[in-house]
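[1] Let me see the structure of the following:
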Amino acid sequence: MNSQIAEAFARLPDYLSGHVLVSLTALALGLAVSLPLAILSMRRPGLRRVLLGVASVVQTIPGLALLALFYPLLLGIAALSERLLGAGFPALGFLPSVLALALYSMLPVLRNTVAGLDGIDPDVKQAALGVGMTLRQSLFMVELPLALPVIMAGIRTAAVWVIGTATLSTPIGQTSLGNYIFAGLQTQNWVFVLFGCFAAAVLALAVDQLLALMESGLGARQRNRVAFGGLGLLLLAAGALVPGLSQPAATYTIGAKTFTEQYILSALIEGRLRAAGLSARRREGLGSSVIFDALRAGEIDVYVDYSGTIWTNQLKRAEAKPRAEMLNEIGRILRERDGIAVLGGLGFENAYALAMTQSRARSLGVRSIADLTDRAPQLTIAGDYEFFVRPEWQAVRSAYSLAFREERQMQAEFMYDAVASGQVDVIAAYTSDGRIALHKLTVLDDPKRALPPYDAMLMIAPKRANDTALIAALQPLLDAIDVGMMREANLRALESRGGSPETAARWLWSEIEKKAKTTR
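    From the prediction side, this is the model:
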């Protein structure tokens, strides 16, 4: 427990800095847009209805979906800019997060600004005009100062919303306090999960109380409260930003998806690059399509993907081919089409496979997926968030005419507990996951070979395809990890077994070295 807390505090400067930076920028952008629009709409009822309607619709979109939608949009604009102007911009992480969070901040500011200005006594407005003020002078010298306490209440709400929602920016590559939560959920490190939630809550409460101090100062006409609140916000921002921004920039960026094995492999790659004298950092928790697009755009330099995922999701291929032939074809197409270099396989396969507990499989007489065809209507299957919309599932369902009573989506690590406890009957497991043996699961045969091979492959961004230093540092990992080693590493990474992705990566490298010595 103490080592986990120490590790959490060690990551705090980087995570907190990224969280504050994106939140502060998004809130500033939201205010810069929403305040003028609210003022502009004061004497234009039609515009006001449109603005409030649009802002209300934005609030109905789940935060993670809104954040994810901006990435492909910006990626397309960046590619177009590159072609037309010869210069693009980073579309991963910071920019899509800022734009999505800025939209989220607008509704409370718009509403409160409109309500504050509407709530001013008409006699006060008339008196301002009566002493010779123009409408503009009345607005800025009388109405806005009187409405400021109400406007500040809206800013407080917007700030809390932005800080809370910013934890969801991790899957699109923005470092935030959400990194604790996503990594903790995958590795069952509940200290990380609680630490991330607590840190985000403390940050939101601190900002809210400082803004409340400014709000009360404006209402009571006490400038010292406003000054103290503003100074507190400046000190809080500086204290959070300086430690993170002062860290030296890394030369190489390693990507990782949102499950335990990917955290281990990214830590392993980082260790190999640092051992070779190369500076590196990790961007973890990325979605499957996001991470591939980021590699293609050069926003990450290297990551591990799986042949079956690339074959079905990126190349849109449905036919099954032998493992070696598939790897060769993937490497050729990605280099010709995208400039991506497939350095080679790591030596193990992490395939999707349908699995059941041994006792449940025996009682139903199920040995293969084909045996599920008649029984599926009485059974429940669980998969990760992607599985049931992936082409692989469509292929399996079509090949075996499967129609389960219920399809349930859940965090990958919860699937194993769910099937072990009988809450679901079948899960879409990962064949390199050590929890298959831990929970005594039976992996069902796939006689029709509906699921393609899933060899783990090292993939390098186009701009790094001929980087000899990077390739030399990664070369010892090729064909060096068998499935047994990877299963053990996945188990060692779980907090419930006293580990972490970093400790599992160090163990894995020690095993690779031992294996290399015995084969010399």
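[2] make it CA atoms for all contacts and neighbour counts henceforth
    Will do.
[3] mind checking how far the helix or strand harbouring L69 is from the chain centre?
    Assessed by DSSP states H and E, L69 sits inside helix 63-85. On the basis of Cα atoms, centre = their mean, to the nearest Å, helix 63-85 is displaced by 16 Å from the centre of the chain it belongs to.
[4] What of stretch 469-487?
    Once both centres are worked out by Cα atoms, centre = their mean, stretch 469-487 turns out to sit 26 Å from its chain's centre.
[5] Endpoints of that stretch, how far apart?
    Distance between the boundary residues of stretch 469-487 (Cα to Cα, to the nearest Å) amounts to 29 Å.
[6] Give me the contact list for that stretch.
    Residues outside stretch 469-487 that contact it (Cα atoms under 8 Å, 6 or more residues apart in numbering) are 261, 269, 272-273, 276, 343-350, 432-435, 464, 508, 511-512, 515-516.
[7] about what we covered before: what residues does the helix holding L69 touch?
    Residues outside helix 63-85 that contact it (Cα under 8 Å, 6+ apart) are 87-92, 96-97, 99-101, 165, 168-169, 171-172, 290.
[8] Using CSV, list the CA coordinates for it.
    Output for helix 63-85, consisting of C-alpha atoms alone and laid out as CSV, is shown next (Å, rounded to 0.1, in the frame of the first residue of the first chain):
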residue,chain,number,x,y,z
GLY,A,63,-18.5,13.7,-22.0
LEU,A,64,-16.3,10.8,-23.3
ALA,A,65,-18.2,10.8,-26.6
LEU,A,66,-17.8,14.5,-27.1
LEU,A,67,-14.1,14.3,-26.4
ALA,A,68,-13.7,11.4,-28.7
LEU,A,69,-15.6,13.0,-31.6
PHE,A,70,-13.2,15.9,-31.7
TYR,A,71,-10.2,13.8,-32.4
PRO,A,72,-11.0,12.4,-35.8
LEU,A,73,-12.5,15.8,-36.8
LEU,A,74,-9.2,17.6,-35.9
LEU,A,75,-7.1,14.9,-37.4
GLY,A,76,-8.9,15.4,-40.8
ILE,A,77,-8.4,19.2,-40.6
ALA,A,78,-4.7,18.7,-39.7
ALA,A,79,-4.2,16.4,-42.7
LEU,A,80,-6.0,18.9,-45.0
SER,A,81,-3.9,21.8,-43.5
GLU,A,82,-0.7,19.7,-44.2
ARG,A,83,-1.7,19.2,-47.8
LEU,A,84,-2.8,22.7,-48.5
LEU,A,85,-0.5,24.8,-46.4
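[9] ok, now how distant is the residue nearest the centre of the chain from A68?
    For the chain, the residue sitting closest to the mean C-alpha position, by Cα atoms, centre = their mean, is P171 at 1.1 Å. Computed with Cα to Cα, the distance linking P171 and A68 is 8 Å.
[10] burial measure for the nearest residue to R367 once chain neighbours are set aside, as a count.
    Among residues not flanking R367 along the chain, L444 sits closest, at 5.6 Å (Cα to Cα, 6 or more residues apart in numbering). Counted by other Cα atoms under 10 Å, the residues lying close to L444 total 19.
[11] Could you do the one 10 residues further on as well?
    Using other Cα under 10 Å as the criterion, Y454 is surrounded by 22 other residues.
[12] buried residues in the lengthiest helix in the chain?
    The helix that spans the most residues within the chain, counting by DSSP state H, is helix 2-40. Residues of helix 2-40 classed as buried under the neighbour-count rule (16 or more other Cα atoms under 10 Å) are 4, 8, 12-31, 33-35, 37-39.
[13] For G345, give me phi and psi.
    Here is the backbone geometry of G345 (degrees, to the nearest 10): phi -90, psi 150.
[14] Give the buried residues for stretch 480-497.
    480-481, 483, 485-495.
[15] Now do that stretch: distance to the chain's middle.
    In terms of Cα atoms, centre = their mean, the centre of stretch 480-497 is set 23 Å apart from its chain centre.
[16] where in the stretch 351-500 of the chain is pLDDT low?
    Counting by pLDDT under 70, the stretch 351-500 of the chain has low-confidence residues at 496-498.
[17] I meant to write the chain there.
    1-2, 244-247, 496-498, 519-520.
[18] So which residues of it form strands?
    Applying DSSP state E to the chain gives strands spanning 252-255, 280-283, 302-306, 341-349, 352-357, 380-383, 406-409, 426-430, 441-443, 455-460.
[19] would TSV of those strands with mean neighbour count be doable?
    Formatted as TSV, the entries for the strands of the chain read as follows, by neighbours: other Cα atoms under 10 Å:
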stretch	mean neighbour count
strand 252-255	23
strand 280-283	21
strand 302-306	25
strand 341-349	20
strand 352-357	23
strand 380-383	23
strand 406-409	15
strand 426-430	25
strand 441-443	23
strand 455-460	24
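[20] Columns distance to A472 on top of the ones you listed, output as CSV?
    Listed next are the strands of the chain as CSV, based on distance: least, Cα to Cα, whole Å:
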stretch, distance to A472
strand 252-255, 14
strand 280-283, 15
strand 302-306, 13
strand 341-349, 11
strand 352-357, 31
strand 380-383, 37
strand 406-409, 40
strand 426-430, 30
strand 441-443, 37
strand 455-460, 13
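[21] The helix holding L69: which residues count as buried?
    By neighbour count, with 16+ other Cα under 10 Å as the criterion, the buried positions of helix 63-85 are G63, L64, L66, L67, A68, F70, Y71, P72, L74, L75, A78, A79.
[22] Now for these: which two are most distant?
    Across these, no pair lies farther apart than G63 and A79, at 25.3 Å, counting by Cα to Cα.
[23] Burial check on the nearest residue to L203 once chain neighbours are set aside, number of neighbours?
    Closest residue to L203 apart from its sequence neighbours, by Cα to Cα, 6+ apart: I163 at 7.6 Å. When neighbours are defined as other Cα under 10 Å, I163 has 27 of them.
[24] which residues touch I163?
    H19, V20, S23, A200, L203, A204.
[25] All the helices of the stretch 351-500 of the chain, in order from the start?
    Counting by DSSP state H, counting those that start in this stretch, the stretch 351-500 of the chain forms helices over residues 358-364, 391-400, 412-420, 435-438, 468-474, 483-492, given from the N-terminal end onward.
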